[in-house]
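Trainee: next come a sequence and a model predicted from it.
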Amino acid sequence: MKDVIPEIVDTEYNVLGSIIIDNQQLDKVSEVINVHNFVSPACRIVFNAMLYLEKKEVPIDEVTLLNYISRQGELERIGGSDFLLKLTAKVPVAVNAKHYAKQVRDYHDNRQVTSMIKKAAGESENMPDVEDFLDNLETEIERIKNNVTPVQDFNQNTLFNLELDIISQKMEGNAPDHTIPTDIPFLDSCLNGGLLLNNVDILAGRPGMGKTSLALTLARNISANVPSLVISIEMEKQQLARRLMSQYTQIPESQLMQGELSTDELNHIYATVPEMSRDNLYIDDMSRYIHEVKRSIRRHVKRYGVKFIVIDYIQRIKIANSGKNRYSEIGDVVDDLAELAKRLEINILILSQLNRNVESRQDKHPMISDLSESGKIEEAACRVFLMYRDKYYNPTQGGKDIVELFVGKNRYGRTGNVDVEFRPACTSFHDTPQMLREVPKKVSPF
């Protein structure tokens, strides 16, 4: 217990003594601290014993504690029976147990921060890799932040009142908006207004369906009102910039690539530049590992207020030295991103491949079970969008290139099909005058 302030040990004694005097204080104390927050090893042993006795519905006093700790062979470690007798001797007021517990937790948190700073200072003198050092430091900070978040309990009456307040604010037009419109009207109608903050959504399809193009269209639309970020593991930033320019100007991407432009087309590009520059769309093509992806998201949220993120695509994200199979790795990635979306109050749209089972069927319309490593992906997603492009399989068919966007899972609204027009030359998607076609449950491919 080197460098431990004696006063904090006395405070730990007061916590335990208060519980002995009034057993009901254990519930209040447990809301604030756990056994690892105690500095004194003896106090940890006693607190563990208290938790055990409470679980067994045994009254907590000096005798029951003495019997249990003796059976565990730990009486000598706490300093004998005298230690238990002195716990209640100096307790000022037992009902202040929660206040004492908060002091214990604050001291523990301060120790954690101090320890992290000392460790970082030592490692910084001989760091082999700056990126790894910063990532480890960031991870440690995040861990400490998570640990210091106090536990809050809400009964249903409190939650109902909060929900009524939200409903009233919405009726009056004063509620904060937690939806992000996609600017594709029929899709927004199906989604009750748009994509939801605090959630992860999945956009999946076989190669050639236009996943990246649709994701870029959504990011371009959304960034006109909400700062957005595209993390591309599939394409480099200049390719994405060219696609975006093609979408904005409706000049075929192949012409931009070859520089085959008329004077009018070039002037049109220059005239469109101010519109493109107004949108808050950021592109990251450097992040490959999950820790890099999370760092990029946190950085863009903090610096630019980003609320919508596209990740293209999940199967390309790497995990360093995990030792797990790919199915488990994908599950960990999705869980990490879902937790990040909730913590940062953002929406993350994750692109995903579908497995080859689609190609072996006569009907090429995808199903959720076609998701590669589908279990975890489907479980974590708020919405799952599946793409089917008939012209990919039937290229000689006339008419517009219509992509069926299946809303296969929607935690907060309808499922069904939304038709969007794809213009492959400009890699852009556009709304169609067709209504949402809801999928009857009996014939639903989902």
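Mentor: Alright, I've got the coordinates.
Trainee: show me the chain divided up by domain.
Mentor: With automatic domain parsing as the criterion, the domains of the chain are listed as 6-148, 179-431.
Trainee: now the last one: average pLDDT?
Mentor: Okay, so that is domain 179-431. For domain 179-431, the mean pLDDT works out to 82.
Trainee: which residue, other than its chain neighbours, is closest to residue 429?
Mentor: Closest residue to residue 429 apart from its sequence neighbours, by CB to CB, 6 or more residues apart in numbering: residue 217 at 4.4 Å. Heads up, the C-betas are built off the backbone N, CA and C, glycines and all.
Trainee: likewise for residue 30?
Mentor: Nearest residue to residue 30 in three dimensions, chain neighbours excluded: residue 51, at 7.7 Å (CB to CB, 6+ apart).
Trainee: quick check: the one you found is in a helix.
Mentor: Yes: counting by DSSP: H, G, I helix; E, B strand; the rest coil, residue 51 is found in a helix.
Trainee: close enough to count as contact, residue 317 and residue 332?
Mentor: No: here residue 317 does not reach residue 332: they are 10.0 Å apart, not a contact under CB atoms under 8 Å.
Trainee: between these two, what contacts are shared?
Mentor: By the contact definition CB atoms under 8 Å, 6 or more residues apart in numbering, residue 317 and residue 332 are jointly contacted by residue 290.
Trainee: mind checking which of the two has more residues around it?
Mentor: It is residue 317, of residue 317 and residue 332, that has more neighbours when counted by other CB atoms under 10 Å, with 22 against 15.
Trainee: quick check: the more buried one vs residue 418, distance?
Mentor: 27 Å (CB to CB, to the nearest Å).
Trainee: which element follows whichever strand or helix holds the residue nearest to residue 429 toward the C-terminus?
Mentor: Using DSSP states H and E, residue 217 sits in helix 211-223. Scanning the chain past helix 211-223 towards its C-terminal end, the next helix or strand to appear is strand 228-232 (assignment: DSSP H and E).
Trainee: pull the CA atoms of the helix or strand just after that following strand into CSV?
Mentor: Toward the C-terminal end, the helix or strand that comes next after strand 228-232 (DSSP H and E) is helix 237-249. This file holds the C-alpha atoms of helix 237-249, laid out as CSV (Å, rounded to 0.1, in the frame of the first residue of the first chain):
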residue,chain,number,x,y,z
LYS,A,237,-9.4,8.5,-51.8
GLN,A,238,-8.9,9.8,-55.4
GLN,A,239,-11.2,7.1,-56.8
LEU,A,240,-13.8,8.1,-54.3
ALA,A,241,-13.3,11.7,-55.1
ARG,A,242,-13.8,11.0,-58.8
ARG,A,243,-17.0,9.0,-58.1
LEU,A,244,-18.3,11.8,-56.0
MET,A,245,-17.5,14.4,-58.7
SER,A,246,-19.4,12.1,-61.2
GLN,A,247,-22.4,12.0,-58.9
TYR,A,248,-22.4,15.7,-58.4
THR,A,249,-22.0,16.7,-62.0
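Trainee: just the buried residues of stretch 85-105, please?
Mentor: 87, 88, 91, 94, 97, 98, 100, 101, 102, 103, 104, 105 (16 or more other CB atoms under 10 Å).
Trainee: farthest-separated two in the residues you listed?
Mentor: For the buried residues of stretch 85-105, with distances taken as CB to CB, the pair at the greatest spread is 88 and 105 (21.6 Å).
Trainee: now stretch 116-131: average pLDDT?
Mentor: The predicted confidence, averaged over stretch 116-131, sits at 64.
Trainee: repeat for stretch 41-59
Mentor: pLDDT averaged over stretch 41-59 equals 89, rounded to a whole number.
Trainee: hmm, who's touching it?
Mentor: Taking CB under 8 Å, 6+ apart as the criterion, the residues outside stretch 41-59 that touch it are 1, 9, 12-13, 15-16, 19, 23, 26, 30, 35-36, 38, 60, 64-65, 68-69, 72, 74, 77-79, 83-84, 87.
Trainee: how far off centre is that stretch?
Mentor: Relative to the centre of its chain, stretch 41-59 is centred 35 Å away, using CA atoms, centre = their mean, to the nearest Å.
Trainee: return the set of buried residues in that stretch.
Mentor: Applying a neighbour-count criterion of 16+ other CB under 10 Å, the buried positions in stretch 41-59 are 42, 43, 44, 45, 46, 47, 48, 49, 50, 53, 54.
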